[in-house]
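**Student:** How does the following fold in three dimensions:
(chains A and B)
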Amino acid sequence: KLRHHSITTVTLLPDIISTVEFNHTGELLATGDKGGRVVIFQREQESKNQIHRRGEYNVYSTFQSHEPEFDYLKSLEIEEKINKIRWLPQQNAAYFLLSTNDKTVKLWKVSERDKRPEGYNLKDEEGRLRDPATITTLRVPVLRPMDLMVEATPRRVFANAHTYHINSISVNSDYETYMSADDLRINLWNFEITNQSFNIVDIKPANMEELTEVITAAEFHPHHCNTFVYSSSKGTIRLCDMRASALCDRHTKFFEEPEDPSNRSFFSEIISSISDVKFSHSGRYIMTRDYLTVKVWDLNMENRPIETYQVHDYLRSKLCSLYENDCIFDKFECVWNGSDSVIMTGSYNNFFRMFDRNTKRDVTLEASRENSKPRAILKPRKVCVGGKRRKDEISVDSLDFSKKILHTAWHPSENIIAVAATNNLYIFQDKVN
Amino acid sequence: MSAEVPEAASAEEQKSEHNLLFWFIEVIYLKLFQEMEDKVTSPEKAEEAKLKARYPHLGQKPGGSDFLRKRLQKGQKYFDSGDYNMAKAKMKNKQLPAAAPDKTEVTGDHIPTPQDLPQRKPSLVTSKLAG
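**Tutor:** A predicted model of the protein is given here:
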């Protein structure tokens, strides 16, 4: 008989979480926060003795990735907030990740140390130098086991390449290069070289008065190392092929959904701005998130998306106040599950939404401590749009717009999701056994 | 007007009065229905009207570039005491215009005053929970 239950863990982090990312095996989960810190969680190994604790995520390493800086030349404060973290695939015992703030990308190495050398000749056990005159014999230092220590060291710093604010980084499938994208430019880096990067996209107009759109997100194709996409504030996506030319200002494909001109309003362009773009694991589709919807596009069809999902259409009648409180500019992310059959994105009131692409069913769930008992199955939530409100529904006017879920992540192969709700990291695991 | 007691309307007069009344009611219903339909077919347009009512000057410059410029200029601008003192010294020679109330960019040509500049965000304070 199959038992179906879920595990929920909530971790209170010291600052507002600004990015969440599983590594390629799902063993590690990294979070970046507004204070420039990175906290990495590791999944507990299976153990015969602790079956019920199998698979929980515990803190593995914490380090300060970025510090606040000040650009004196431009009188600009550079926030230490981590905008994105991307893992490199594991190639040896150490783990590598890229973390970026608005201006600087850093490559971090996270490694374990469980042995320590003992028996130095020139130093005593506390590390103090010994008087050479007292040394009469030589010995060979030996490695002795010690308590596991996890160290994070910065291996590369990729700085001074972006005039505008970095919104995306993406590791190429060749594992040798990666790209960083800001509002107007995209640069290509080699992991080994920090003092040079190639500019591959530049949409800065000669006259800034003519500026009409900015780059909002960019990502490499998961398998084809020559292909990448970038999205814009006007709701369009461009696919570029680096084999075509060194500067990819001319796109290879241009994805845009035609707009009904009679529906156009002051808000149309703002809510069409794409806040996130993600390739499916298969590489066949891309998913985009704009303010009210999630769209799935087939790379072979540029003139419209193949699927559109309404995240919170009831907000359409609240756009005026959402513009006044700046919420209309919130940048929500979106993620695929491992098999590309379910997509997930966040909303307000600590709600997040999942859409099953095959069954066309969707569900709204809530990340809140009150509703998350460790073993309970999450209860679906419902927003009531008008008329009579049922007992456990919540009305649009009662939604808390300060509780927004912008960042979520899905384990690469299992039904484990990480949801960032301000300072709280929720990890939901679905278990059937 | 005559002070006569009005006679009871004839049957025909009554009928036409009723028709008029019905017509009025129909027109009112139609108008209400139209308004409802407008709201239903385009809640976005209704929201736009609300916004325009509150901020009549919005949208006169192209909306896109305003947002974009604000986005690109993210980051604080600090008060430059050098600029301030130089401009004050220049003031002795000629009258310089004070900053327009809605001017967001502070350059070296006019006297920047502390009131012109955007609010500086509070100093970075590490959280007590930081490890």
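**Student:** hey, let's count contacts and neighbours off CA atoms from now on
**Tutor:** Fine.
**Student:** tally of neighbours for A:V296?
**Tutor:** Other residues lying near A:V296 total 22 when counted by other Cα atoms under 10 Å in any protein chain shown.
**Student:** where does chain B have low pLDDT?
**Tutor:** Within chain B, the stretches with pLDDT under 70 are B:1-9, B:34-41, B:59-66, B:75-81, B:84-85, B:88, B:91-131.
**Student:** Mind doing that once more with 80?
**Tutor:** B:1-15, B:30-41, B:57-131 (pLDDT under 80).
**Student:** what does the stretch 101-250 of chain A give?
**Tutor:** Ranges of the stretch 101-250 of chain A meeting pLDDT under 80: A:125.
**Student:** On the three-state scheme, the residue of it found nearest chain B is what?
**Tutor:** When distances are taken as Cα to the nearest Cα, the stretch 101-250 of chain A reaches nearest to chain B at A:T212, 5.6 Å away. When classified by DSSP: H, G, I helix; E, B strand; the rest coil, A:T212 comes out as coil.
**Student:** go on, A:L319?
**Tutor:** Following three-state DSSP, A:L319 is assigned to helix.
**Student:** list the contacts for it?
**Tutor:** By Cα atoms under 8 Å, 6 or more residues apart in numbering or on different chains, the residues touching A:L319 are A:267, A:328, B:44, B:47-48.
**Student:** A:R304 contacts A:F255, correct?
**Tutor:** Yes. If you go by Cα atoms under 8 Å, A:R304 and A:F255 touch, sitting 7.0 Å apart.
**Student:** residue boundaries of the strands in the stretch 51-200 of chain A?
**Tutor:** Ranges of strands within the stretch 51-200 of chain A are A:57-64, A:69-71, A:76-78, A:84-87, A:95-100, A:105-118, A:142-158, A:168-171, A:177-181, A:185-190, A:193-202, based on DSSP state E, counting those that start in this stretch.
**Student:** mean confidence for the first one?
**Tutor:** Computed over strand A:57-64, the mean pLDDT rounds to 96.
**Student:** next one: the fifth one
**Tutor:** Confidence for strand A:95-100, expressed as mean pLDDT, is 98.
**Student:** so A:P258 sits right up against A:P305, yeah?
**Tutor:** No. A:P258 is beyond contact range of A:P305, at 10.1 Å (criterion: Cα under 8 Å).
**Student:** more crowded one of these two?
**Tutor:** Just comparing A:P258 and A:P305: by other Cα under 10 Å the higher neighbour count belongs to A:P305, 20 against 8.
**Student:** one step back: for my notes, please list the strands of the stretch 51-200 of chain A in CSV and give distance to A:N358 for each entry.
**Tutor:** Output for the strands of the stretch 51-200 of chain A, formatted as CSV (distance: least, Cα to Cα, whole Å):
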stretch, distance to A:N358
strand A:57-64, 30
strand A:69-71, 47
strand A:76-78, 44
strand A:84-87, 29
strand A:95-100, 33
strand A:105-118, 38
strand A:142-158, 42
strand A:168-171, 28
strand A:177-181, 33
strand A:185-190, 35
strand A:193-202, 36
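**Student:** Just say which of those is most tucked in.
**Tutor:** Among the strands of the stretch 51-200 of chain A, ranked by average contacts under mean count of other Cα atoms under 10 Å in any protein chain shown, first place goes to strand A:168-171 (a mean of 25).
**Student:** Just say helix, strand or coil for A:R243.
**Tutor:** Under three-state DSSP, A:R243 comes out as coil.
**Student:** was I right about it contacting A:N226?
**Tutor:** Yes. Contact criterion Cα under 8 Å: A:R243 and A:N226 qualify, at 6.3 Å.
**Student:** higher neighbour count, the two?
**Tutor:** Using other Cα under 10 Å as the criterion, A:R243 and A:N226 rank with A:N226 on top: 15 against 11.
**Student:** how close does that one sit to A:S402?
**Tutor:** The gap separating A:N226 from A:S402 is 40 Å, by Cα to Cα, to the nearest Å.
**Student:** Likewise for A:T25?
**Tutor:** A:T25 sits at a distance of 33 Å from A:S402 (criterion: Cα to Cα).
**Student:** before we move on, what about A:K318?
**Tutor:** 15 Å.
**Student:** Neighbour count: these two, which is higher?
**Tutor:** Neighbour tally, A:K318 and A:S402, criterion other Cα under 10 Å: the higher count belongs to A:K318, 17 against 11.
**Student:** what's the helix or strand for the nearest residue to that one once chain neighbours are set aside?
**Tutor:** What sits nearest to A:K318 in space, not counting adjacent residues and going by Cα to Cα, 6 or more residues apart in numbering or on different chains, is B:E47, at 6.9 Å. Assessed by DSSP states H and E, B:E47 sits inside helix B:43-54.
**Student:** Mind listing what's buried along that helix?
**Tutor:** B:43-49, B:51 (16 or more other Cα atoms under 10 Å in any protein chain shown).
**Student:** which other helices and strands contact that helix?
**Tutor:** In terms of contacts (3 or more Cα pairs under 8 Å, 6 or more residues apart in numbering or on different chains; DSSP states H and E), helix B:43-54 is packed against helix A:319-324, helix B:11-41.
**Student:** wait, which of the ones you listed is closest to A:D71?
**Tutor:** helix A:319-324 (30.4 Å; Cα to Cα).
**Student:** Export only the CA atoms of the closest one, formatted as CSV.
**Tutor:** The C-alpha coordinates for helix A:319-324 follow below in CSV (Å, rounded to 0.1, in the frame of the first residue of the first chain):
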residue,chain,number,x,y,z
LEU,A,319,-3.3,47.7,-11.6
CYS,A,320,-3.8,51.3,-10.5
SER,A,321,-2.9,50.7,-6.9
LEU,A,322,-0.2,48.1,-7.8
TYR,A,323,1.4,50.8,-9.9
GLU,A,324,1.2,53.3,-7.1
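**Student:** elements contacting the helix or strand that comes right after it?
**Tutor:** Moving toward the C-terminus from helix A:319-324, the next helix or strand (DSSP H and E) is strand A:334-336. If you count contacts as 3+ Cα pairs under 8 Å, 6+ apart, strand A:334-336 packs onto strand A:276-279, strand A:285-289, strand A:342-346, strand A:407-410.
**Student:** Distance to A:S99 for the helices and strands packed on helix B:43-54 - can I get that in CSV?
**Tutor:** Output for those, formatted as CSV (distance: least, Cα to Cα, whole Å):
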stretch, distance to A:S99
helix A:319-324, 31
helix B:11-41, 45
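**Student:** nearest to A:A420, of those helices?
**Tutor:** helix A:319-324 (21.5 Å).
**Student:** Now the closest one: buried residues?
**Tutor:** Neighbour-count burial for helix A:319-324 [16+ other Cα under 10 Å]: A:319-320, A:322.
**Student:** Residues of the stretch 251-400 of chain A that sit close to chain B?
**Tutor:** A:263, A:265-267, A:269-270, A:316-320 (Cα under 8 Å from any Cα of the partner chain).
**Student:** Give me the buried subset of the residues you listed.
**Tutor:** A:265-267, A:270, A:316-320.
**Student:** Among these, give me the pair with the biggest separation.
**Tutor:** The largest separation in those, counting by Cα to Cα, is between A:I270 and A:S317 at 14.8 Å.
**Student:** Would you map the strands across the stretch 251-400 of chain A?
**Tutor:** Under DSSP E, counting those that start in this stretch, the stretch 251-400 of chain A gives strands at A:253-255, A:276-279, A:285-289, A:293-298, A:307-310, A:334-336, A:342-346, A:351-356, A:362-366, A:383-384, A:394-395.
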